[in-house]
Structures are given as C-alpha cells and as structure tokens.
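Peer 1: here is my input, please return the structure:
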Amino acid sequence: MGGEFFHCIGHCVTVQGFTSIMPWLAINVKNLPQFTKGERIEVSKVELNEGNTVPPDYLTESELISLMEKNGIGTDASISVHINNICERNYVQVQAGRKLVPTTLGITLVRGYQCIDPDLCLPDIRSFIEQQINHVAKGQADHSCVVQHVLHQFKQKFSYFVKQIDNMDALFEAQFSPLSDSGRALSKCGKCLRYMKYISSQPSRLYCGTCEEVYNLPQRGTIKLYKELTCPLDNFELLIFSMGGPEGKSFPLCPFCYNNPPFEGIEAVVGATNTSSSGKSGKGAGMPCFLCLHPTCRHSVIAQGVCACPECNGTLVLDPVSAPKWRLYCNMCNCLVNLPQGAHRIATTRDQCPECDSTIIEVDFNKKTTPLDDGATLYTGCILCDELLHSLIEVKHGKSFFKRMGSRGRGRGGGRGGHRGRGWAAGKRVDPKMSFRDF
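Peer 2: Model prediction:
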C-alpha cells in the first residue's frame with residue numbers, strides 16, 4: 001500500500017500437548033481470515049506510533065553461559081569459574097535479574113586490549129585452544145605440537161603487547177586519574193562528534209570520554225583548534241601545533257591521522273620529522289598534515305608544498321599561520337625560508353612552474369610597501385624562477401643565512417619533491433633528480 005509492504009502473523013494450535021492439562025501455559029490463538037488477492041480491507045482506525053530504538057540489554061548469567069558454550073569457551077566445570085573471576089576482579093557486577101553489568105574498570109580494560117590487539121577481546125583464540133584440546137583427547141592431534149604452537153602464538157602476542165603497553169597506560173591514566181577531570185574541551189571526535197578533552201600535563205594528549213580513546217600529540221609546543229576545520233578522511237577537527245620561539249614552526253594535524261597514518265610508507269620518515277619539528281622522537285611519533293599525501297585536502301603536502309628543501313630531501317611547505325611574517329618550512333629538517341614580509345595574504349595555487357615544476361604562489365602585497373609598479377598588490381610567480389619573488393625571499397637553516405648571489409638570483413630545481421642541495425640556495429642551476437610526482 002503506497003509503495004510499502006506489510007505482513008501479519010497468526011497462531012493456530014494443532015496439538016495441545018501438555019497444555020491440555022496446564023491451560024495457563026497454552027499459546028494464545030490468533031486466527032487470520034482467508035484473504036484473497038484483490039480483496040479490499042476496510043480499516044476503522046489507523047494509528048502511527050513514533051519511538052526510538054533502544055540498545056540491547058545487558059547479558060544475564062544464563063545468556064553468557066549459552067554464548068560461551070556456543071563459541072566453545074570453557075567446559076561445564078570451568079565456565080562458572082570464569083564468570084566468578086570477572087565478578088571478583090570487579091570487571092562486572094551482578095545486578096537485579098542476574099544481569100552482568102560491566103564496570104568502568106572492565107570497559108577500560110577491554111578498550112585497552114582493543115587498542116593493542118583486538119584478537120585478545122574475541123573468543124576465537126580461546127575457542128581454537130579448546131578445539132585443539134578436544135582433538136588431542138580424541139587422538140586427532142599431537143599433544144606436544146599443540147602445546148608448542150600455542151606457546152609460540154602467545155609468546156608473540158605477549159611481546160607485541162609489552163611493546164604497546166603505553167597505549168594501555170595512557171588509557172587508564174586518562175580514565176582513572178584526576179587529569180581527565182582537569183582537561184578542557186578542545187575539539188570534536190570524528191567518531192562520536194563529542195568534544196574531546198585536552199590534557200595539557202606532560203605528555204599532552206587528547207582523550208575522548210565517549211569513545212574512551214587517547215590520542216597522542218606532538219610535545220613541547222602549544223595546541224589550538226584550527227578554525228573548526230575537519231579532516232576529509234575521518235571527520236576529526238584539525239588542530240594547529242606551534243613551537244615556541246621566533247623560528248618555531250606551526251603546522252596543522254588531525255588527531256586520528258597523527259596516531260594512525262592513513263598512507264603506507266609515512267612511518268619511515270615520521271620519526272625524523274617529529275624529532276626536529278614537533279618535539280617528539282621515535283616512540284609515539286605521528287603524521288602531521290605536512291606529510292599527508294591526500295590529493296585534494298588543502299592542508300596536505302600536495303596542496304601546501306611549494307618546492308624541494310635546499311638542505312635535504314624534504315619539501316618546503318607554507319606555514320598557514322605565519323602572517324604577517326610569511327615563511328616556508330621544511331617538513332623534514334629545520335630549514336626556513338622567509339617570504340615577502342608584511343603581505344596581506346600568501347597562498348599556493350594549483351599551477352606549476354614550467355621551468356622547475358615548483359608550485360606557483362600568489363602574493364597579495366601591502367599597499368604601502370608593495371614593490372610592484374603603479375601600486376598594484378596582487379602578484380603570482382615561482383619563488384625560484386621569478387626575479388622579483390626570488391629577490392624577496394631569504395633562506396635560513398639553523399643559525400646560518402644563505403643570501404642570494406647576484407642580482408637576478410634565478411634558480412632551477414626539481415619540483416616540490418626534488419633535491420637541489422646547496423646549489424638551490426646559491427642560485428645555481430641544478431638538474432632535478434626526482435620530481436614531486438615521483439615522491
């Protein structure tokens with residue numbers, strides 16, 4: 001009716017069975033009339049009820065026992081012991097109706113296992129072991145081979161778990177320490193769309209109380225919300241990280257991508273990058289936006305990368321919050337390039353230089369200090385090949401300055417992913433070794 005399909009179910013008792021002497025347990029008969037196709041049904045009253053779905057109720061002891069038996073976990077003698085153990089360890093509490101309600105400790109423990117090794121939260125491993133034991137009892141498997149296989153499997157899982165135990169510690173600390181109460185709401189979680197708390201005490205991190213997940217952040221700097229922009233990959237709100245000092249870099253990052261790099265091969269260079277730019281080293285290093293290879297996100301290295309670094313194999317990217325002292329910084333080392341100072345706006349474009357394949361930038365000069373004729377302010381060009389822009393930039397690496405040689409200062413490079421070495425800084429023409437597309 002009206003494009004909707006309806007169905008109804010009736011009950012008809014064919015054999016009364018034991019209900020003939022126990023009528024209070026009899027099934028209610030619900031007869032359906034014999035409809036024919038095309039028959040019209042007159043309805044005297046139609047009601048439309050509105051409601052919301054509700055989550056499933058907590059498991060009872062009997063339901064848990066049935067699930068354990070179904071998945072082959074435990075025996076008739078050990079199932080009750082398992083349930084008693086999780087109650088005594090305060091992972092669950094038995095409430096009215098023999099329902100097993102998980103405690104905060106139990107939920108946090110399972111969340112921690114899921115962060116490190118989700119297999120430990122599933123019944124598959126225990127079920128497999130029980131099956132192997134049954135095979136040994138029936139003579140279908142060798143006892144020593146089963147023991148060696150299980151010991152080897154758990155040894156590998158234990159070694160991996162120990163290496164990742166910091167994830168469990170961070171989750172427990174955020175959940176049970178007073179730090180979680182002192183944290184302030186900062187950005188929205190891309191999963192639950194609730195605000196996550198920023199815990200500023202070292203090591204600083206974000207904690208989502210709804211999802212019960214902890215996200216590591218770069219250290220030794222300030223974290224702020226970045227214009228309420230969101231990551232196109234996971235919908236997490238972006239943050240802007242700024243290091244202290246006049247040469248401190250600023251770069252956006254997605255909390256989820258920073259902890260879970262979405263592109264293969266990023267982990268190989270993240271450690272070195274974070275050591276120099278984000279204050280982190282090795283352990284817990286992550287992927288900021290200046291390493292992201294997303295083809296359309298305007299914060300990725302694809303969109304913000306300008307040219308190759310003159311000091312390493314990195315890419316010079318535009319500092320998004322450096323105005324009015326506009327600059328580029330390398331996403332691999334501490335090289336800085338000062339752009340025309342005092343400009344109202346500097347942005348990258350989608351065009352590449354036909355000579356060196358670097359990204360063309362657009363500069364909106366200040367009216368009072370514009371170097372253009374007739375008071376014009378808008379100018380586009382390549383910082384390596386354009387005479388005007390090339391004369392207005394200054395490369396800084398650590399405490400050393402590499403000033404342009406000669407009046408023209410033209411240079412030729414291999415694009416945003418190439419490597420020019422010192423020849424780039426000295427204004428020499430050096431053939432490219434690698435294009436940005438190869439990178």
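Peer 1: show me the helices in the chain, by range?
Peer 2: Applying DSSP state H to the chain gives helices spanning 61-70, 79-88, 104-116, 124-137, 143-163, 165-176, 179-182, 255-259, 267-277, 301-304, 387-392, 422-425.
Peer 1: deepest of those, which one?
Peer 2: Looking across the helices of the chain with neighbours counted as mean count of other CB atoms under 10 Å, the highest average goes to helix 255-259: a mean of 25. Every C-beta, even on glycine, is put in place using the N, C-alpha and C of the backbone.
Peer 1: who's in contact with that helix?
Peer 2: Helix 255-259 is contacted from outside by 187, 190, 196, 206, 215-218, 231, 233-234, 236, 239, 286-289, 292, using CB atoms under 8 Å, 6 or more residues apart in numbering.
Peer 1: so which residues make contact with stretch 122-129?
Peer 2: By CB under 8 Å, 6+ apart, the residues outside stretch 122-129 that reach it are 68, 71-74, 119, 150, 153.
Peer 1: closest to Leu225 among the residues you listed?
Peer 2: Asp119 (36.1 Å; CB to CB).
Peer 1: report the contact partners of that closest one.
Peer 2: Asp119 touches 125, 157, counting by CB under 8 Å, 6+ apart.
Peer 1: ditto for His299
Peer 2: 229, 238, 252, 289, 292, 320.
Peer 1: and it, what pLDDT?
Peer 2: pLDDT for His299: 86.
Peer 1: and it, how close does it get to Phe251?
Peer 2: 9 Å (CB to CB, to the nearest Å).
Peer 1: joint contacts of the two?
Peer 2: What both His299 and Phe251 touch, as defined by CB under 8 Å, 6+ apart, is the set 289, 320.
Peer 1: I'd say Leu372 and Gly381 touch.
Peer 2: No - under the criterion of CB atoms under 8 Å, Leu372 makes no contact with Gly381, lying 11.3 Å away.
Peer 1: more neighbours: these two, which one.
Peer 2: Higher neighbour count among Leu372 and Gly381: Gly381, with 16 against 12, using other CB atoms under 10 Å.
Peer 1: is that one in a bridge, and if so with what?
Peer 2: Ile361 (DSSP bridges).
Peer 1: contacts only, for it.
Peer 2: Neighbouring residues of Gly381 by CB under 8 Å, 6+ apart: 360-361, 363, 388-389.
Peer 1: with respect to Cys330, which of these is nearest?
Peer 2: Of all these, Ile361 has the smallest distance to Cys330: 16.2 Å, by CB to CB.
Peer 1: any figure for the gap between that closest one and Met287?
Peer 2: The value you get for Ile361 to Met287, if CB to CB is used, is 25 Å.
Peer 1: ditto for Ala376
Peer 2: 40 Å.
Peer 1: neighbour count winner among these two?
Peer 2: Legend: neighbour count by other CB under 10 Å for Ala376 and Met287, higher for Met287 (23 against 11).
Peer 1: that one reaches Glu264, doesn't it?
Peer 2: No - the pair Met287 and Glu264 fails to qualify as a contact (CB under 8 Å) at a distance of 11.4 Å.
Peer 1: how many other residues sit next to Pro324?
Peer 2: Considering only other CB under 10 Å, Pro324 is surrounded by 12 other residues.
Peer 1: next step: the contacts of His299 restricted to strands.
Peer 2: Of the positions in these, 229, 238, 252 sit in strands, assigned by DSSP state E.
Peer 1: out of the residues you listed, who has the most neighbours?
Peer 2: Counting by other CB under 10 Å, top hit in the ones in strands among the contacts of His299: Pro252 with 23 neighbours.
Peer 1: these two touch, right, that one and Leu238?
Peer 2: Yes - contact criterion CB under 8 Å: Pro252 and Leu238 qualify, at 4.9 Å.
Peer 1: what residues do these two have in common as contacts?
Peer 2: 226, 229, 289, 299.
Peer 1: now the two most distant members of these.
Peer 2: Leu229 and Cys289 (10.2 Å).
Peer 1: overlap in contacts of those two?
Peer 2: 238, 252, 299.
Peer 1: from these, which single one is nearest Gly244?
Peer 2: Among the shared contacts of Leu229 and Cys289, and counting by CB to CB, the member closest to Gly244 is Pro252, at 17.6 Å.
Peer 1: where does the closest one land on pLDDT?
Peer 2: Pro252 carries a pLDDT value of 89.
Peer 1: same question for the one 10 residues further on.
Peer 2: Among the per-residue scores, Pro262 holds a pLDDT of 83.
Peer 1: for it, give its distance to Met287.
Peer 2: From Pro262 over to Met287 the distance is 8 Å, taken as CB to CB.
Peer 1: ok, the nearest residue to Gln341 once chain neighbours are set aside - how many residues close by?
Peer 2: Among residues not flanking Gln341 along the chain, Lys325 sits closest, at 5.8 Å (CB to CB, 6 or more residues apart in numbering). Neighbour count for Lys325, taken as other CB under 10 Å: 12.
Peer 1: do the one 3 residues further on as well
Peer 2: Other residues near Leu328 number 26, with proximity taken as other CB under 10 Å.
Peer 1: got it, and the one 4 residues further on?
Peer 2: Burial of Met332, expressed as a neighbour count using other CB under 10 Å, amounts to 20.
Peer 1: which residue sits closest to it in space, ignoring its chain neighbours?
Peer 2: Spatial nearest neighbour of Met332, excluding adjacent residues (CB to CB, 6+ apart): Gly314 at 2.8 Å.
Peer 1: in a markdown table: the shared contacts of Pro252 and Leu238, plus distance to Asn167.
Peer 2: Formatted as a markdown table, those follow (distance: CB to CB, whole Å):
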| residue | distance to Asn167 |
| --- | --- |
| Tyr226 | 25 |
| Leu229 | 27 |
| Cys289 | 23 |
| His299 | 26 |
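Peer 1: of these, just say which sits nearest to Asn28.
Peer 2: Nearest to Asn28 among those, with distances taken as CB to CB, is Leu229, at 59.3 Å.
Peer 1: now the residue lying closest to the closest one once chain neighbours are set aside: how far from Val94?
Peer 2: Nearest residue to Leu229, sequence neighbours excluded (CB to CB, 6+ apart): Leu238, at 4.7 Å. Using CB to CB, Leu238 is found at 45 Å from Val94.
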